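S.K.: based on what follows, work out the 3D shape:
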Amino acid sequence: MKKIIIGLLALVAAGGIFWKSTSKPAVPSTSSGQAVDQQVAKVNDGDWIRGKKDAQIVLIEYGDFQCPSCGAYYPVLKQLEVDYGEKLAVVWREFPLTSIHANAWNAAAAAEAAGKQGKFWEMHDVLFENQKEWTGTGKFEGYAVKIGLDVNKWKTDLSDKGIEEKIRADQSSGIDLDVSGTPTFFVNGKKIGLPGGVEEFKKILDGELAKNPTSPSATLGAQKVHMHFDVAVYIDGKKVDLADDKYMEKSEAVHLHDNNGEVAHIHQKGATLGMFVDSLGLKPDVDPKINDKTITDWRNYQPQDLDRIVFGDGPVTDKACIYSETCPERGTPPLPRRKKVVWVGWTRLANRVKLVVLRLSACGYSTSVVRQFSKLDRRVRLPLPALNMEKICMKE
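M.R.: Reported below is the predicted structural model:
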């Protein structure tokens, strides 16, 4: 259903939304997401970019914060960022459709002003996540408070002439590239039609990876490392239990594992803190302290061995050095928590129902099986195929 909705919105965007008419013919868009012939779009120093400029895939979006289609594609792009990690960089360019969206310009200005405090992407995200709310009110100050901006400075920056110039420069570059509606996407410089959802987008991106396997970013990603940093996240004063299974091994480059929610492992050079947080699906509303210093541009920060990183007010452990084996005097890392596979079944013996429990040594299905019979003579030998059993995997 979601894919169908995105497809319908895409048709609206491609077919009927124009910022202004130009003397250039409209470039046709294809629903299949194929590239069309036209001038190549290049990343420039003034762009807002989430990821590395030399990533294997650079995805440029000309967007309007009030545009429903852009709002529909927002979670799609977020999922792509998680799935492709440092292989993908996402660029946002302002293209407010002021003739049909009354609050589009002010939303763009709100994001650009947040960018002056290093929080463009935080405002970008909160605007899309609350699009229906502010579309009617046109009020953005609450979001500035929510993402931790200096609100007075943000208000002053809203009237900065440089912001107007930035928005108009983005619009002008879009017109030069025959952008007529939002969203419009460029993948590695080439305009594409609007994909019908995540899977169609992935086909396009995978095609680019196949054509561009040896970019500088790919070489960087291939450089394996093994570093560790301490981490803690507090939201609304409560510590997030990062030891939960749902946070384990979410990204190849940087992740938590073995149900240890206090020490993160870095396995690829160039992994960023933004990649790590996004992979966990968390949205901290404060800037983190890294080694006791508040960092505003934390999304692009590359954690180093033995860093201590905390979001919110609360303590963070100092255990990373044990895993990095740089502090042998503190001991060695604990063994990872193993799991048991428990087979629980019922069988009938002497007209009475008895519980039979068989425990396998680990989830690796070891052949060493311990048989424990509840209230049954241990001399009884029951044929395993006769048991109707259910496998249960549980923590020790």
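S.K.: C-alpha from now on. contacts and neighbour counts both.
M.R.: Will do.
S.K.: and Gly181, how far from Gly46?
M.R.: Going from Gly181 to Gly46 by C-alpha to C-alpha, to the nearest Å gives 22 Å.
S.K.: so between those two, which is more surrounded?
M.R.: The neighbour count for Gly181 versus Gly46, taken as other C-alpha atoms under 10 Å, is higher for Gly181 (24 against 10).
S.K.: wait, Leu280 sits on Glu249?
M.R.: No - Leu280 lies out of contact with Glu249 (C-alpha atoms under 8 Å); the separation is 9.1 Å.
S.K.: wait, Glu86 touches Gly274, no?
M.R.: No - judged on C-alpha under 8 Å, Glu86 makes no contact with Gly274 at a distance of 10.2 Å.
S.K.: those two: who's more crowded?
M.R.: Set side by side, Glu86 and Gly274 show more neighbours around Glu86, with 26 against 17, by other C-alpha under 10 Å.
S.K.: report the secondary structure state of the more buried one.
M.R.: helix (DSSP: H, G, I helix; E, B strand; the rest coil).
S.K.: same question for Val90.
M.R.: Put simply, Val90 is strand when judged by three-state DSSP.
S.K.: show me the contacts for it.
M.R.: Contacts here follow C-alpha atoms under 8 Å, 6 or more residues apart in numbering; on that basis Val90 touches Ile49, Arg50, Gly51, Val58, Leu59, Ile60, Glu61, Glu81.
S.K.: point out where the stretch 251-396 of the chain drops to low pLDDT.
M.R.: For the stretch 251-396 of the chain, the stretches flagged by pLDDT under 70 are 334-396.
S.K.: okay, strands next: where are they in it?
M.R.: Along the stretch 251-396 of the chain, counting by DSSP state E, counting those that start in this stretch, strands occupy 254-255, 263-268, 289-290, 293-294, 308-311, 339-349, 352-360, 369-373, 388-395.
S.K.: which parts of the stretch 1-150 of the chain are helices?
M.R.: Using DSSP state H, counting those that start in this stretch, the helices of the stretch 1-150 of the chain run over 2-16, 68-84, 104-115, 120-129, 131-137, 141-146.
S.K.: just the stretch 201-350 of the chain next, same as before
M.R.: Under the criterion DSSP H, counting those that start in this stretch, helices of the stretch 201-350 of the chain are mapped to 216-222, 273-280, 320-323.
S.K.: next, the angle from the second one to strand 263-268.
M.R.: What it means is helix 273-280. 110 degrees (axes from the mean of the first three to the mean of the last three C-alpha atoms, to 10 degrees).
S.K.: identify the residues contacting helix 273-280?
M.R.: Against helix 273-280 from outside (C-alpha under 8 Å, 6+ apart): 82, 85-86, 247, 250-251, 254-255, 283, 298-303.
S.K.: filter those down to the buried ones, ChimeraX style.
M.R.: Filtering those down to the buried ones (16 or more other C-alpha atoms under 10 Å) takes a single ChimeraX command:
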select :82,85,86,247,250,251,254,255,298,299,300,301,302,303
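S.K.: out of the helices of the stretch 1-150 of the chain, which comes closest to Ser159?
M.R.: Among the helices of the stretch 1-150 of the chain, helix 104-115 comes nearest to Ser159, with 8.6 Å by C-alpha to C-alpha.
S.K.: from the chain's centroid, how far away is the closest one?
M.R.: 22 Å (C-alpha atoms, centre = their mean, to the nearest Å).
S.K.: for it, name the packing helices and strands.
M.R.: The contact analysis (3 or more C-alpha pairs under 8 Å, 6 or more residues apart in numbering; DSSP states H and E) places helix 104-115 against helix 120-129, helix 151-158, helix 161-176.
S.K.: what distance do you get for the most centrally placed residue in the chain to His255?
M.R.: What sits nearest the mean C-alpha location of the chain, by C-alpha atoms, centre = their mean, is Asp278, with 3.4 Å. Going from Asp278 to His255 by C-alpha to C-alpha gives 11 Å.
S.K.: same check, this time on Val187
M.R.: Distance from Val187 to His255, counting by C-alpha to C-alpha: 28 Å.
S.K.: what of Ser279?
M.R.: Per C-alpha to C-alpha, Ser279 is found 8 Å from His255.
S.K.: again with Lys139
M.R.: Lys139 is 37 Å from His255, by C-alpha to C-alpha.
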